Every structure is written in C-alpha cells, then in structure tokens.
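this one's sequence-less:
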C-alpha cells in the first residue's frame, strides 16, 4: 500500500499563475478530503468527496479555488489565479466512507510570490 | 460535533509514559473520540479512536471516562520520535465524516 500520493511536493509560482495540485487516494477508499494548513489558521477542510461526488465545499475560500475528482483514483485542486495569501501546505486525505480514520498524504507546500 | 479542550503544550521525558488529556464535556451518545498526531512537516496520522470502552493498539491506549466527558491518550514509552502535535476530535461516524482539527497539544519528548 503506497498510501495517499500527492504531487508535487513543493510548488513555487508567481502571483496570477494557475496552480494544480494532484492526489491519488488509497485504492478502495471512497472518501477524499482536501485540507489547507497555515500557521495562522491551522488545518482547514476545503472540500470533500464521497464516491467521486463533491459533498461539501463550504471550506473553499473563494471562486479561485476548484476541485475535481474525475474517477476513484485521482483528484485535483486548482487555484486560478493564485495569490500570495494562498501560500500554505495542502494535504489530501482518504478514508472508507463513514470512518473518520483518515490517511493523509505528505502534502504539497505551495509558495506564491 | 462536540467541542474539545486540550492543553496547548506538554513535556515528557523519553521512556516515560505520556498522558495527553482531552475534555469533551458536551459529547453526545453517538460521538466517537478520535486521536491524530502531526509530526513536523508531515501529514496528520490517525492514532486511535473509541466510543466508550478503553482501546489499545500498537501505537497507544485510549482511556475514556465512564461519563465520556473526558479522555486520555497514553503513549506508554515515549520516544523522541513521538514529539508532535496531538489532536483530539469528537465526531459521529457515518454522518458525512468530515474532521475538524482544533489547536491540539504540542508534546515535546525530551531526552
């Protein structure tokens, strides 16, 4: 079991550019979560999917953020256009539906300059 | 989900037991207690969870009081690698299983 795989590990981009973060959940897990972590705000849930369907996106900060899950083995979080305040570590996690024992990926550290 | 209260930081000597408390006085009957930890620069890691009985696994033990208003995570023989932020979370399973992380307890294991 390779765990939850996120890419890239680090991303540095200029303000205004589009950023795409990727996540491969654990096979057989049908819930997927995107979190963002900053020193000021801690861990924040952005959006989560059950069986590839977005269930709650109330944590998505604004329309510049979008997330998709085209199939059970892949999800993306896109920021367009990016801003310096989007700089954070973005984590993806997966679990079996109904069980809150998540497995987190190693995160993507995003820096927008 | 019920709110939890944890001390912001704790120290523990290497090799000794680390006892991390969590208060959840408003917990309801169908809410579980979950514990996660986050080692620096890594994603959070699930440790253990329980409803009302004490639980033990290879990582830790979870002791839940009889009235379920508080719990303690026990790391029986803390090592330097257990230095992390420990999160106590209370929630209902099978109910849109989102987890909301609070501030947690920063455990420092010292040699």
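Here it is on my side, so go on. The structure displayed is predicted, hence computed values, not measured ones.

what pLDDT does residue 105 get?
Looking at chain A here, since you left the chain open. Here, the pLDDT recorded for residue A:105 equals 97.

actually chain B
At residue B:105, pLDDT is 97.

what is the burial count for it?
Neighbour count of residue B:105, defined by other CB atoms under 10 Å in any protein chain shown: 21. The way it works is simple: take the backbone N, C-alpha and C, and place the C-beta from them, glycine included.

chain neighbours aside, what residue packs nearest to the residue of chain A found nearest chain B?
Per CB to the nearest CB, residue A:104 is where chain A lies closest to chain B, at 3.1 Å. Distances taken as CB to CB, 6 or more residues apart in numbering or on different chains put residue B:43 closest to residue A:104, at 3.1 Å, once the chain neighbours are dropped.

wait, doesn't that neighbour sit right on residue A:93?
Yes. Residue B:43 is within contact range of residue A:93, at 7.2 Å (criterion: CB atoms under 8 Å).

and for those two, which residues touch both?
A:4, A:104, A:105 (CB atoms under 8 Å, 6 or more residues apart in numbering or on different chains).

which one of those residues is nearest to residue B:84?
residue A:104 (13.0 Å; CB to CB).

in strands only, show me the shared contacts of residue B:43 and residue A:93.
residue A:104 (DSSP state E).

any of the shared contacts of residue B:43 and residue A:93 buried? List them.
A:4, A:104, A:105 (16 or more other CB atoms under 10 Å in any protein chain shown).

touching, the last one and residue A:4? I think so.
To tie it back to what came earlier, the one meant is residue A:105. Yes. Here residue A:105 reaches residue A:4: they are 3.8 Å apart, a contact under CB under 8 Å.
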